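> A predicted structure for the sequence below; I have some questions about it.
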Amino acid sequence: MKRCVWACPVLSPVHQIFYVILLQRVFSCAVSLKAMFSRGWRFGWNRYREVDLFTDRHESSAETLSQAIRAAASEDPEADGSVLFGHLQGTVVGLRYYTGVVNPGEMVGLVRQPQNPYDRNAVMVANIYGNQVGHIKKELAAAMAHVMDNNLAKVEGVVHSGTRNSFTMPVMLSFWGREENRKSVTELMVLHKVLFILDCQYSVTNLFWISGVNPKSYSSTAGQALSFKKGVTVPLTAEELKNAFDNLFEDLMESKDGEKGAAKAVCTPLLPHQKQALSWMCARENKSALPPFWEKRGELYYNSVTGFSAKEIPERLRGGILADDMGLGKTLTTIALILTNFHEGKPLPVDESVTCSLDALHAEAPVLLDDMDFAAALSGSTTNTTAKKKKTAKKANPTQSQSGQHTCIWCLFLFLYSDQFEQHVHANKKVKVYLYYGTERNRSQKFLSSQDVVITTYNVISADFGNKSPLHGINWLRVVLDEGHIIRNPNAQMSKAVLQLKAHRRWILSGTPIQNSVKDLWMLLAFLRLKPFDAREWWNRVIQRPVTQGDRAGLKNLQTLVKCITLRRTKSSKVKGRPLVSLPEKSVYVEQVELSQAEREEYELARNDGKNIIGRYVAEGTVLKHYADVLVILMRLRQHCCHPDLLTKTSSDLGAAATPAELRERLIEKLRLVLASGSDEECSVCLDSVHLPVITHCAHVYCRPCIAQVISTEQVPVLPAASLQFDVQALMGNLLRLRSEDGSRKCLVVSQFTRKHGFTFVRLDGSLTQKRRTQVIKEFQSAAADSPTVMLLSLKAGGVGLNLTAASHVFLMDPAWNPAAEEQCIDRCHRLGQKRNVVVTKFIVKDSVEENMVKIQRQKQDLLEKAFGSSDSDRSKSRIDDIRALMEL
DNA sequence: ACCGCCGGGTGCC
DNA sequence: ACCGCCGGGTGCC
C-alpha cells in the first residue's frame, strides 16, 4: 500500500515555459489571484515566523485565505458538469505550524501555492473558514499541482480520521473534472506513482478499507461530500429534480413569526401578509438564531453540511431574501421595515425633532451586547472577541456613529421609490431620502451618512466602485437590493461592486430569485455573506454540483438553505384561508390578424423557401451550424408578419433623426447599458451570454464572432434590420375604440421593437437614461387630462421593477421567446394599486411563424430544463425542436 | 514522530 | 570500514 517515494522531478524546459504562460494568463485576467499570491506570502507559509497570538484571526489570515479560495474557485465556472475520476488517500503534513483545526468528517479545501519558496508544487490545505491546516505531502503535491494548474480536475478533500494528530493526518481526495480529461489525470497519477482508485473500479467497501474508516460510522453528512452515487443512493431523475426545483421557492410562507404592525410613521395600512413579512424581517434582523446548518453540540457549534465546528458562535445572518411575487408590496414592506426596525427593535426616529431624539437615544442607550455588535458593525469591525468589541465601541467617534446609524442604502433600478416614500410615509415625518444619482450627485460621505435612506442604482454603484466610491466607504445599517436577481451574474462589474458594500443587515428583494439555474442563487448567498457558501468552492461542492447531478442530500440541503432565509408568497397564496390580495380581474385575448391576399402570397413564398432550406439543415443535422441562417429566415418571416415594408428597409431605428455623431453616441450608451446590466443580454446567434459584444446600427447586440459569421455567410443586411411597425388596422382600431369608450383608459403597447406612430404616446425602452425613464413613468402614471394615454414599452425595459398601474390595457405586439418576460410586463400594471380590470390583447398573425411561437411558448412553460443547467446537447436539442415546430417540419 | 531520514561515531566475540 | 550498526538530532511546503 505504501507509495514509493520519489524525488521531486525537475521540470523540463518545456514545462517551465508552459508554466510561465499559464501564470501570465491567470494574472492578466484575475487581479484577485495576484492578490492571493502576495497575501498568501505574507499570511501563509511564512506566517509562523511572525505569528502574533493576539491577532484576531478573523481579520487577517482567515479572511485573506477565504478570499484566495474564492478567487481560485471562481476561475472555474463549470463545476456542476464535472464527473468523478477517482479517489486517493493523501497525507496532510505540517499540522503543527498552523492554527486551522478540522474535525472528523469535515471537508477541506485545497489551494495551490505556486509561489511557495520551498516547493512550487505546494498545495495548501485549509478548513471551511479558510484557516490553513497544513500542506499536502510533497510527492503527492507534485502530481496534484500538474492536475490543478492545467485545470484537468478539481480536487476536493475530506478528513475522516487523525484530526487530533500533531504532525500529519490522512485526507481522502476526490478528483472531479470534465470527462475528456479523465485519461490524462489517471495517467498523470500513474506517472507520479500515486495510488489512484479509479471511479469505475470503485466500491464503497474498498474505499472505506483504504481510508481506514468503518463504513457504519461513516455519517451521511460526510458521505455526501464525496457524493457517493453508486450503491448508496439512487440519484434523482430529471423529472424529480425539475419538480423539486419548481417547488424550491414555493411554500415558504413562514407564519410562525406572526404579524407586526408598522411604525406610526408609515401611513399606508399594511395588509395581513405584509405585516407577516415585516414581522419575519424584523425577526431576521433582531433574533440571534443560528444560520442554516449550524447547531450547538455541547460547547461547540457544529456545521452539519461541512462537518466544521468551532468554539465561537457563527456569525449571524441579519437579513435574507424577500421573494414575494410581483405586486405583493415588497417595497411597502421594506419601507415599513426601515421605519419600524431601526435599532433594538425601535422605530427610526423621524419626527420633526430628528436630531434631538437621536441624541437622547445616544445618551440613554445602555451598553448591551447588541449595541456592541451594532457599534462594531458601524465602525467596520467584524471582530468576535468581546474585548475588541468594547474597544471599538468606545473608539467610534460620536459624529461618525451618529451619522452612520440610520443610514440605509437601497439599490434600485428606478427612482420611482422616492415617490413611494412620499406616498407611504406621513408627511409630517421627515425621512431624509437622497437619490444618489446623476452627474451632480453629492459624493460626500459625510452628507450621505447623514441621510436616513440613500437610493441609488446598480449602475451608479458599479460606476463609483474603484473610483473612491463614497458608497463603499460607509458602513450601512442596511443594504437592500431591489430586483436582486439583477446581480445574479458574479462576473458583472456591478455584482462585484455590490458585494463590496459594507453593511450590518442585508436584504434581497426579488420576485424571481432564480431566473435560469441554481447558479443564480450563489450570488445572492454571497451578497448575504452566508458562510461558508459565499466562497464559491463550498457552494459548488455542497450544493451546486450535488444538486445538478441529482444528489438527494444535496437537494435537501439546498431546500433547507432556501427555506431558512427566504419568505415567498404568491398571488395565489392564502393567509388564514383568504387570498393575500384581491386584484382586479385580468383577461387575456388573442387577436388574430389576417394578412392581405398579396401579403399572404409573399409570406407563403418566403416561408416555403425558408422551409426548404431549414428542412435541409434538419435532414443534414446541421441546424446549429447554420443557426445564424435559420435565424435570418425566421426573422424575415416575422417581419413579413409585422409589415412587409420592413424587408426592404435597412434604416436604423435609433438614427432616424440623429446626426451620425449623435447616433454613435447613442449606440455607445446603449451598449454600455447592456453591458452594465449584467449577463442579461443573450446573443441571439449563439444563444449564450454576449462575448466580445458589438452593437449594430439597429441597436442589437451580438458577439462579434457570431455576427461576423452571419454577415460573411449572408452578405445582406440581416436580422431585425428595422423596428416593428404596428399593424395599423389591428392596433389602431383597438386604440381608437378604447378612446371612444373611455378617454381616461391608458394602454401599454409592448413590443420587442418600439416605433413611433401617429398617436399621443410616451415611450420607454432600454435606450432611455435613468432620469428620462423616471420622467416618462411619472408622466404616464399621472392622472392629468393631458397626460399620455399610450406607452410604448419594449419587452426588456418592461421587465425591471416598473409600476405602470395607470394602464389597464396591454397590447402585446409580438410574441416573445420568453413567456416569463411577457408575464412580467403584464404584471407591471396588474399589480397592487390597479383599480380597473386588466385586459391583455396578444396580436398574432394567423397561420404564421408567430402562431407557432405561441404554441412553443405553451410547451416551454412546462419545461424547466434550462433552470437546471442541462447539458449543452439538451439545450441544442430543444432549440432544434423549436425550430422544427416553427417551420412545421 | 511509538516514525523515517540524516550524518557522526564507531568497529571481533 | 570505499562497509553496517548504533543512537542522537531532527522534522511541511
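Noted; the coordinates are in hand. None of these values were measured; they are calculated from a predicted model.
> number of residues surrounding whatever residue of the stretch 251-400 of chain A ends up closest to DNA strand C?
For the stretch 251-400 of chain A, the residue positioned closest to DNA strand C under C-beta to the nearest atom of the strand is residue A:308, at a distance of 20.9 Å. All C-beta spots, glycine's among them, are computed from the backbone N, C-alpha and C. Other residues near residue A:308 number 26, with proximity taken as other C-beta atoms under 10 Å.
> what's near enough to touch it?
When contacts are counted by C-beta atoms under 8 Å, 6 or more residues apart in numbering, residue A:308 touches A:102, A:103, A:106, A:107, A:127, A:128, A:129, A:302, A:532.
> count of neighbours near the residue in chain A positioned nearest to DNA strand B?
Across chain A, the shortest distance to DNA strand B (C-beta to the nearest atom of the strand) belongs to residue A:167, at 3.7 Å. The criterion is other C-beta under 10 Å. On that basis, residue A:167 has 13 neighbouring residues.
> report pLDDT for residue A:289.
Per-residue pLDDT puts residue A:289 at 84.
> for the stretch 351-500 of chain A, which spans come out with low pLDDT?
A:351-418 (pLDDT under 70).
> where do the strands of it begin and end?
Per DSSP state E, counting those that start in this stretch, the stretch 351-500 of chain A has strands spanning A:408-411, A:433-435, A:453-456, A:475-481. These are given in chain order.
> strand partners of the longest one, parallel vs antiparallel please.
Here the strand partners of strand A:475-481, with direction, are listed using DSSP bridges: strand A:408-411 (parallel), strand A:502-509 (parallel).
> residues from chain A in reach of DNA strand B?
Along chain A, the residues adjacent to DNA strand B under the rule C-beta under 7 Å from any atom of the strand are A:5, A:93, A:96, A:165, A:167, A:168.
> residues contacting the last one?
Read that as residue A:168. Residues touching residue A:168, when contacts are defined by C-beta under 8 Å, 6+ apart, comprise A:91, A:92, A:93, A:94, A:95, A:134, A:137, A:162.
> got phi/psi on the nearest residue to residue A:286 once chain neighbours are set aside?
Distances taken as C-beta to C-beta, 6 or more residues apart in numbering place residue A:345 nearest to residue A:286, at 5.4 Å, with adjacent residues excluded. Comment: the main-chain dihedrals of residue A:345 come out as phi 70, psi 10, following degrees, to the nearest 10.
> in the stretch 501-650 of chain A, where is pLDDT below threshold?
In the prediction, the stretch 501-650 of chain A carries residues with pLDDT under 70 at positions A:515-516, A:623-632, A:634-650.
> how about the helices in it?
In order along the chain, the stretch 501-650 of chain A carries the following helices (DSSP state H, counting those that start in this stretch): A:519-528, A:536-539, A:545-548, A:552-565, A:597-620, A:627-642.
> please identify which of the ones you listed is closest to DNA strand C.
Of the helices of the stretch 501-650 of chain A, nearest to DNA strand C by C-beta to the nearest atom of the strand is helix A:536-539, at 20.6 Å.
> interface residues of chain A facing DNA strand C?
If contact is defined as C-beta under 7 Å from any atom of the strand, the residues of chain A in contact with DNA strand C are A:45, A:48, A:93-94, A:97, A:116, A:118-119, A:121-122, A:134-138, A:141.
> now, the most widely separated pair of those?
Taking C-beta to C-beta as the measure, these reach their widest spread between A:48 and A:121, a distance of 20.4 Å.
> the more surrounded of these two?
Taking neighbours as other C-beta under 10 Å, residue A:48 and residue A:121 compare with residue A:121 leading, 24 against 13.
> distance-wise, check the more buried one relative to residue A:506.
Look at residue A:121 and residue A:506: by C-beta to C-beta, to the nearest Å, they are 40 Å apart.
> tally of neighbours for the nearest residue to residue A:96 once chain neighbours are set aside?
Distance criterion C-beta to C-beta, 6+ apart; nearest residue to residue A:96, sequence neighbours excluded, is residue A:166 at 5.6 Å. Counted with other C-beta under 10 Å, the burial measure for residue A:166 works out to 7 neighbours.
> just the one 5 residues further on next, same as before
When neighbours are counted by other C-beta under 10 Å, residue A:171 registers 27.
> and it, what does it touch?
A:89, A:90, A:91, A:92, A:108, A:125, A:136, A:157, A:158, A:159.
> quick one: the strands in the stretch 101-250 of chain A, in order.
In chain order, the stretch 101-250 of chain A shows strands spanning A:106-112, A:123-126, A:132-136, A:154-159, A:168-177, A:197-198, with DSSP E, counting those that start in this stretch as the criterion.
> quick check: mean pLDDT of the last one?
Throughout strand A:197-198, pLDDT has a mean value of 82.
> cool, and the fourth one?
For strand A:154-159, the mean per-residue pLDDT is 94.
> who touches it?
Surrounding strand A:154-159, the residues in contact under the criterion C-beta under 8 Å, 6+ apart are A:76, A:79, A:82, A:90, A:92, A:102-110, A:123, A:125, A:144, A:147-148, A:169-177, A:222, A:225-226, A:307, A:541.
> so it versus strand A:132-136, what angle?
Angle of strand A:154-159 versus strand A:132-136, following axes from the mean of the first three to the mean of the last three C-alpha atoms, to 10 degrees, is 110 degrees.
> quick one: strands adjacent to strand A:154-159?
Partner strands and pairing direction for strand A:154-159 (DSSP bridges) are strand A:106-112 (antiparallel), strand A:168-177 (antiparallel).
> name the residues that touch the shortest one?
By C-beta under 8 Å, 6+ apart, the surrounding residues in contact with strand A:106-112 are A:65, A:68-69, A:72, A:92, A:102, A:122-128, A:130, A:133, A:136, A:144-145, A:148-149, A:155-159, A:163, A:171, A:173, A:222, A:225, A:306-309, A:537-538, A:541-542.
> select only the buried ones of the residues you listed in PyMOL?
Written as a PyMOL command, the selection of buried residues from these, which uses 16 or more other C-beta atoms under 10 Å, is:
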select buried, chain A and resi 65+68+69+72+92+102+122+123+124+125+126+127+128+130+133+136+144+145+148+149+155+156+157+158+159+163+171+173+222+225+306+307+308+309+537+538+541+542
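> could I get the strands of the stretch 101-250 of chain A as a markdown table with distance to residue A:282?
Supplementary listing: the strands of the stretch 101-250 of chain A in a markdown table, determined by distance: least, C-beta to C-beta, whole Å:
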| stretch | distance to residue A:282 |
| --- | --- |
| strand A:106-112 | 34 |
| strand A:123-126 | 36 |
| strand A:132-136 | 39 |
| strand A:154-159 | 39 |
| strand A:168-177 | 42 |
| strand A:197-198 | 52 |
